[in-house]
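K.L.:
Structure of the sequence below:
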Amino acid sequence: MLSKRVRLWLIAVPAALVLSVVGLWFVSIRMPGESWAGPLPPLSIEEDTLAKRLRSHVEVLSGRIGERNSERMRALDSAADYMSASLKALGLSVTEQRFEVHGKAFRNIEVTLAGSSRAKEIIVVGGHYDSAPGTPGADDNASGAAAVLELARLLKSEPRLRTIKLVAFTNEEPPHFFTEDMGSRHYARAAKERGDNIVAMISMETIGYYSNVDGSQKYPPILGWFYPGRGDFIGVVGNVASRSLVHRVVRDFREFAAFPSAGSAAPMQIPGISWSDQWSFWKEGYAAVMITDTAPFRNPNYHELSDRPDSLNYGHMARVVQGIARTVAVLATTPDW
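P.N.:
Prediction:
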């Protein structure tokens, strides 16, 4: 016969597991609004044009320029030049944050869309333009860099109370990943030192790969119980401290975009939650989220030579970028969140 201690243990452990799962659901997984379900509507004329523009940027960055990182400085500089020239072609004033790492010069590229009555409240939208060693980096992260360029185009003439800063970061990939040498770490630290009131940061990270195949979407342990098994959606990911921003972005995206979405405000210890430039802003106490196709949890080309422009779905990318543009526009004009 089992002892009383063992019987209590057999009761307590499952109960604790149930409570943990329920807590995870309410704190991290439950999101406002309803995700789009069913067939997607045809692309609008604007979305079709946007898809072509996004493809053009990706083809330059990951096709013509190719692998671009601190071991291939000429290519990395070419990518920075392309980002800068593309923003200037929109009639925007470009500034560069320059810094050195081990004697090499790096650049973050930035444009500012000034706000009006709440100009000191800043929304940062960024994506890194470098690629991992050994890969041309179409999804990771020419897709996010292309999104930054087209978000600048879509947002430049929109009315806004808050200031929007669009930034192309360097040095997100190894060997700088999760170090103080990341371009976004340099940017976020400088912002904190200046006392910038960044009320939201949105990291555009790997937004181009989608699959309708059952089982194409993977997850860290436990999370797979709550999310779709097909990689046909876009994710909005934040840490627990950014939960309010995650909810706001998910709610607005679902209102404006006819595209499936999922959100998570989860502990940073869960693999993937902090894997991009939003981490740099969390380190400084800013609320930040990542917009992502979930990268290695879906895309078999992640950090591979096969991460090429023809592997991406530009129509889906256009729907996502259009939805994020409308979401950012609302964030910039809503007096109180």
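
K.L.:
can you give me the helices in the stretch 101-250 of the chain?
P.N.:
Assigned by DSSP state H, counting those that start in this stretch, the stretch 101-250 of the chain shows helices spanning 144-155, 183-194, 243-256.

K.L.:
The first one packs against which elements?
P.N.:
Yep, that's helix 144-155 we're talking about. For helix 144-155, the packing partners by 3 or more Cβ pairs under 8 Å, 6 or more residues apart in numbering; DSSP states H and E come out as helix 45-58, helix 73-88, strand 104-113, strand 118-128, strand 162-169, strand 197-204, helix 314-333. Glycine gets a C-beta too; all of them are placed from N, C-alpha and C.

K.L.:
Now it: average pLDDT?
P.N.:
Taken as a whole, helix 144-155 carries a mean pLDDT of 98.

K.L.:
just the angle between that helix and helix 73-88, please?
P.N.:
Interaxial angle, helix 144-155 versus helix 73-88 (axes from the mean of the first three to the mean of the last three Cα atoms, to 10 degrees): 10 degrees.

K.L.:
between helix 144-155 and strand 162-169, how many degrees?
P.N.:
In terms of direction (the same axes, to 10 degrees), helix 144-155 departs from strand 162-169 by 150 degrees.

K.L.:
low-confidence ranges in this protein?
P.N.:
Applying pLDDT under 70 to the chain picks out residues 1-27.

K.L.:
repeat that for 90
P.N.:
The chain contains residues with pLDDT under 90 at 1-29, 221-225, 335-337.

K.L.:
how far out from the middle of the chain is stretch 71-80?
P.N.:
Taking Cα atoms, centre = their mean, to the nearest Å, the mean C-alpha location of stretch 71-80 is offset from the chain mean by 22 Å.

K.L.:
Go ahead and confirm residue 199 touches residue 124.
P.N.:
No: counting by Cβ atoms under 8 Å, residue 199 does not reach residue 124; the two are 9.3 Å apart.

K.L.:
okay, the two: which has more neighbours?
P.N.:
Applying other Cβ atoms under 10 Å to residue 199 and residue 124 shows that residue 124 carries more neighbours, namely 26 against 19.

K.L.:
The spatially closest residue to that one that is not a sequence neighbour: neighbour count?
P.N.:
Leaving aside its chain neighbours, residue 124 sits nearest to residue 201 (4.4 Å; criterion: Cβ to Cβ, 6 or more residues apart in numbering). Applying other Cβ under 10 Å, we find 30 residues neighbouring residue 201.

K.L.:
Same check on the one 4 residues further on?
P.N.:
Close neighbours of residue 205, defined as other Cβ under 10 Å, add up to 27.

K.L.:
does the closest residue to it other than its chain neighbours sit in a helix, a strand or a coil?
P.N.:
Closest residue in space to residue 205, ignoring its immediate chain neighbours: residue 276 at 4.1 Å, by Cβ to Cβ, 6+ apart. Look at residue 276: counting by DSSP: H, G, I helix; E, B strand; the rest coil, its state is coil.
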